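Visitor: Please work out how this folds:
(chains A and B)
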There are 2 protein chains.
Amino acid sequence: MSLADRVLYPDFLSRTMSADEAAALIPAGAHVGMSGFTGAGYPKAVPGALARRIESLNAQGHGFKIGLWTGASTAPELDGALAQVDGIEMRLPYQSDPTVRRQINAGHMQYVDIHLSHVAQFVWFGFLGKLDVAVVEVAGVLPDGRLIPSSSVGNNKTWLDQADKIILEVNAWHNPQLEGMHDIYYGTDLPPHRKPIPMTRPDERIGEPYLRCDPNKVIAVVMTNQPDRNSVYAAPDDTSNRIAGHIIEFLQHEVKKGRLPKDLLPLQSGVGNIANAVLAGLNNGPFENLTAYTEVLQDGMLDMLRSGTLASASATALSLSPTAMQDFNDRIDYYKQRIVLRPQEISNHPELIRRMGLIAMNGMIEADIYGNVNSTHVMGSAIMNGIGGSGDFARNAYLSIFMTPSLAKNGAISCIVPMASHVDHTEHDVQILVTEQGLADLRGHSPSQRAEIIIDRCAHPDFRSALHDYVARAKRSAVGQHTPHLLNEALSWHQRYVETGSMRAPAGPASPAGPA
Amino acid sequence: MSLADRVLYPDFLSRTMSADEAAALIPAGAHVGMSGFTGAGYPKAVPGALARRIESLNAQGHGFKIGLWTGASTAPELDGALAQVDGIEMRLPYQSDPTVRRQINAGHMQYVDIHLSHVAQFVWFGFLGKLDVAVVEVAGVLPDGRLIPSSSVGNNKTWLDQADKIILEVNAWHNPQLEGMHDIYYGTDLPPHRKPIPMTRPDERIGEPYLRCDPNKVIAVVMTNQPDRNSVYAAPDDTSNRIAGHIIEFLQHEVKKGRLPKDLLPLQSGVGNIANAVLAGLNNGPFENLTAYTEVLQDGMLDMLRSGTLASASATALSLSPTAMQDFNDRIDYYKQRIVLRPQEISNHPELIRRMGLIAMNGMIEADIYGNVNSTHVMGSAIMNGIGGSGDFARNAYLSIFMTPSLAKNGAISCIVPMASHVDHTEHDVQILVTEQGLADLRGHSPSQRAEIIIDRCAHPDFRSALHDYVARAKRSAVGQHTPHLLNEALSWHQRYVETGSMRAPAGPASPAGPA
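Guide: Prediction:
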């Protein structure tokens, strides 16, 4: 497919150039807003060219770095390449790249971990400074200069609107039939001029299928033909199947009690293998005519759409394996009737999440016995990925579910701990915890009641008695019985892991602070 | 004023009875939804009568307790009386009563601390079980049985709607001219049937001035003539004046930078002496034509309305001192043009808070150096009051400000600590911290950048070097540099306070873990 097939706005043809030429237009110290959400729709060529330029200039002592803003995580070609050359001064909002993570945890990169629904408006408000350059991947350009989005929308509307200069990557790899799948809402405004967002159903279209773009700001157009990251999901295993089973049983129970309609409420699902297994469970489960209002459409949801279990899905990005992507392209006419891709300030908007009453299902790193959830940090200090949209969904959902296997690191870590080493979701926002051991329904329970439920239902049996012992001793000596803690022991399991590589107590005399 | 003046629905006259007779209609184990929000509009007579009944029955070995649900805090006549006789099994959502607090912290009462905007819908959803009895104070009854709310609305709409049986207290103390000040929105529904809430301005009326009530459910009408709690606020002192000064200077700076309109955005203010002092500062400050969209209208806001600095205020309750209440009654025609009282699911609704772009100003107990805020717990274990609406506002506001003096307990406690002993507002939700020392603007900063800003701007000088020392040592040995912590020392300041009565290190050799 030639340039002329994808870029129908004639003036842009003269602005076509190589990725290296385009990358040369990005100044040192710039705030750069790049497209990309969960490995979909990120620019494929300019970031690598920019990394090469930075590497070369830094070798000459220039100290070239940028501030890198995206939708969410991208791929090795973007985050990885720029981090590899130490080219990122500050990164926001969500990332999951190993090199970026290493740089942040080494103290070489600043990372600002923002709720995904907040990012766009913080830029509109001027809270993050001026956006200098947007680098946005699109599937094509219309004759009037409007843009056909590619496999994610993320913050692209905001980057195009707010940046002084725009670099477009037109990726011929994307199916041209993506055209029409997107819904870009332009009714947002700054307070005090905001109006209600006119959406009441997950499949409703309230905007336009194209991104607006001031052609005068476009300084470069780069042609690419490269696939998205398209990572493979692990097949569901016994642990994830058991988590899925507990959730499905719980949802059936809620329907029976009249607390959920029989076709449930719109589903939100985090990304990852456990989440994907839960979707597989739902696809084989008792529910029909479901809907999804979520951030990312992954393999499990595509399967549910294909089988008809899921009637429609709204997201801001696709995050499909190569096999699922092939299926998506093969049946794109079918999927286009059932999928809407929106800007992330809409896919994650508290107003819409609360109004539509979502069932939010998100992974976590650990929960404590009182129901506080850590989604972002390892041992209190090191970042894993980021909060993503989990806060947008958990706080505003009809039902807020967090899930994890009860053990990590081959059993060295208990994912149920006395005190979370970092809190991203407070006790006020967590209703349901699930591990392969069972499901804890925390609604209407006080912290000390929650502790009994969480330990007995969710903790691995190897750690249960130590957790009960912690609570019993805390009840004897804490300054208050509302949330009894032993301050000098609350984080000792994490400290022991740091020191010994395991939260388990060493062999020998029983330790009061952890399990044998 | 006679019964016949206040209760115009003829059938209710025959259901008039004493508080003791009404209290006898409340069964043991009942879930009882009582009116009351921040010491306003709570039932004055039935709770005390119920407490006497419980005391007498429990003396006979009956083990009589109830589940007590309210709008928010009430008064000694309600929370205090029932807690005194050990009559509350479970309490929700917010409380501030010393006897209730003592009971919770002794482990004798369960307390479920829920975001105030969540309470009503959790009851609609059936998450908290069946509401058996509503005990609601009103200012009067219309000929058709509808109710004139009194000085707070809170969850009364929900209690009246959901309870099987209703006990009304008609309080002749309330000014009959309260009629028309309230705006009760009946457009809520359960998902998936919810619609946008049609409000775009703080002073907009979208409902009805009266509470609907099924007269068939009313089992008792009790007449009272008693004032609300009407606590006195402390006069602003040097510390609170300095906090107010920092906030006003910051808001002026934001206007100058074009990040706020010159008449700001709607103000939300927490309750208490510091908040009241900030309002006094605003009243004497440079801004005009302000609006408020808040939970509670306290003395400071009434002053601002009287002076004209504040054009209008929306709240769910009045919380006025006796002097301010006198002024309110004296000029009620003036205030009625400028005040709207709403149900708390509307005053605190995320959809509206985000749409209108509030400036949220809330108190806190402590913040840590990375910007996590504790609003509820003392030394990690003991409840103080509860989260109230602070989470509803902080998460969804345009600007989220938390404030506290830098020291507590005569200097024994630093309100800026290495790690918060409980987290109610995560690093993702906190933008601005203020103490009398200064203001920390955390927007767009990583955790380790925030630590420098918070310590230098907000911590008391006595504790600054110990906090910097903590960060420096954490940077040397933490497992990650994103949020560097020393796990075995993070809560040591709190532990030292528990052990010695002070976070300050004892005299003698310098301790690495705290200030001299």
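
Visitor: is the closest residue in space to A:A367 that isn't next to it in sequence in a bridge, and if so with what?
Guide: Sequence neighbours aside, A:V373 is the residue nearest to A:A367 in space, at 4.9 Å (criterion: C-beta to C-beta, 6 or more residues apart in numbering or on different chains). Quick note: C-beta positions are derived from backbone N, CA and C, even for glycine. As for beta bridges, A:V373 partners with A:A367, A:H425 under DSSP bridges.

Visitor: Where does A:N488 sit, in terms of helix or strand?
Guide: For A:N488, there is no enclosing helix or strand under DSSP states H and E.

Visitor: and A:S390, what is it in contact with?
Guide: A:270, A:360, A:362, A:364, A:375, A:424-425 (C-beta atoms under 8 Å, 6 or more residues apart in numbering or on different chains).

Visitor: If we use 7 Å, what do you get?
Guide: Residues near A:S390 by C-beta atoms under 7 Å, 6 or more residues apart in numbering or on different chains: A:270, A:362, A:375, A:425.

Visitor: So which of those residues belong to strands?
Guide: Among these, the members falling in strands (DSSP state E) are A:N362.

Visitor: could I get the contacts of A:S390 as a markdown table with pLDDT and neighbour count?
Guide: Output for the contacts of A:S390, formatted as a markdown table (pLDDT from 0 to 100; neighbours: other C-beta atoms under 10 Å in any protein chain shown):
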| residue | pLDDT | neighbour count |
| --- | --- | --- |
| A:G270 | 92 | 25 |
| A:N362 | 97 | 28 |
| A:S375 | 98 | 28 |
| A:H425 | 98 | 26 |
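
Visitor: Name the residues that touch the lowest-mean-pLDDT helix or strand in chain A?
Guide: Every helix and strand of chain A was ranked by mean pLDDT, DSSP states H and E. The lowest is helix A:3-6, at a mean of 86. Contact with helix A:3-6 is made by A:13, A:16, A:140-141, A:170, A:172, A:223, as judged by C-beta under 7 Å, 6+ apart.

Visitor: residues making contact with stretch A:69-80?
Guide: When contacts are defined by C-beta under 7 Å, 6+ apart, stretch A:69-80 is touched by residues A:31-39, A:42-44, A:47-48, A:92-97, A:99-100, A:116, A:152, A:154-155, A:229, A:316, A:344, A:388.

Visitor: near chain B, which of those residues show up?
Guide: Among the contacts of stretch A:69-80, not one lies near chain B by C-beta under 7 Å from any C-beta of the partner chain.

Visitor: Take these and keep only those in helices.
Guide: The helices, defined by DSSP state H, take in A:47-48, A:99-100, A:344 from the contacts of stretch A:69-80.

Visitor: ok, these vs chain B, which is closest?
Guide: Closest approach to chain B among the ones in helices among the contacts of stretch A:69-80 (C-beta to the nearest C-beta): A:V100, at 11.1 Å.

Visitor: ok, how many other residues are close to the closest one?
Guide: A total of 25 residues lie near A:V100 under the criterion other C-beta atoms under 10 Å in any protein chain shown.

Visitor: again, but for A:D330
Guide: Applying other C-beta under 10 Å, we find 11 other residues in the vicinity of A:D330.

Visitor: which stretches of the stretch 401-516 of chain A form strands?
Guide: A:407-408, A:413-414, A:416-417, A:432-435, A:438-441 (DSSP state E, counting those that start in this stretch).

Visitor: What's the biggest strand in chain A, counting residues?
Guide: Under DSSP E, chain A gives strand A:133-141 as its longest strand.

Visitor: list the helices and strands that one packs on?
Guide: strand A:31-34, strand A:147-149, helix A:156-162, strand A:165-171 (3 or more C-beta pairs under 7 Å, 6 or more residues apart in numbering or on different chains; DSSP states H and E).

Visitor: Run the chain-centre distance for it.
Guide: 21 Å (C-alpha atoms, centre = their mean, to the nearest Å).

Visitor: wait, what's in contact with A:N58?
Guide: Contacts of A:N58 by C-beta under 7 Å, 6+ apart are A:64, A:85.

Visitor: Pretty sure it sits in a helix.
Guide: Yes. Membership of A:N58 in a helix is supported by DSSP: H, G, I helix; E, B strand; the rest coil.

Visitor: B:E254 versus that one, what's the distance?
Guide: Computed as C-beta to C-beta, to the nearest Å, the A:N58 to B:E254 distance reads 36 Å.

Visitor: A:D424 too?
Guide: Applying C-beta to C-beta, the value for A:D424 to B:E254 is 28 Å.

Visitor: Comparing the two, which residue is more hemmed in?
Guide: Each of A:D424 and B:E254 has its neighbours counted (other C-beta under 10 Å); A:D424 has more, 28 against 22.

Visitor: Skip the chain neighbours and tell me the closest residue to that one.
Guide: That would be A:S375: by C-beta to C-beta, 6+ apart, it lies 4.3 Å from A:D424.
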